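Peer 1: Next one to model:
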Amino acid sequence: QVQLVESGGGLVQAGGSLRLSCAASGRTFSSYAMGWFRQAPGKEREFVAGINWSGGSPYYVDSMKGRFTISRDNAKNTVYLQMNSLKPEDTAVYYCAAGGAVVTVTWGWPYWGQGTQVTVSS
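Peer 2: Numbering: from 1, shown residues only. Model prediction:
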């Protein structure tokens, strides 16, 4: 089992950047694929990016490619989401998740953090 705690959210102007962090507890962090999802008010939770256990093969939703970068540091039990060129439509609660493989559906991820709010003002 793994517990996840996100941080790094906040209020930023359009065009700005934020780096989200997700700290995991447990000694098996390096065996999990990690992912980031987001949920805007009134919308379903959607996949943003994922990365496999070794840090290779990062995968992004097309609309995030070139703006968001997922990475992980297994020595620190932490996964990151660097978000650049932020847009108002990126406003959402961002969640990290842990699972056996990178999949784009929420039911494929058994472990979730509580989320961190990102608000992008125009």
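
Peer 1: Next, the closest residue to residue 82 other than its chain neighbours: secondary structure please.
Peer 2: Nearest non-adjacent residue to residue 82, counting by C-beta to C-beta, 6 or more residues apart in numbering: residue 69, 4.3 Å away. Every residue, glycine included, has its C-beta placed from N, CA and C. Assigned with DSSP: H, G, I helix; E, B strand; the rest coil, residue 69 falls in the strand class.

Peer 1: and the most centrally placed residue in the chain, how far is that from residue 55?
Peer 2: In the chain, the residue lying closest to the centroid (C-alpha atoms, centre = their mean) is residue 36, at 2.5 Å. Applying C-beta to C-beta, to the nearest Å, the value for residue 36 to residue 55 is 14 Å.

Peer 1: what does residue 72 give?
Peer 2: Taken as C-beta to C-beta, the span from residue 72 to residue 55 is 5 Å.
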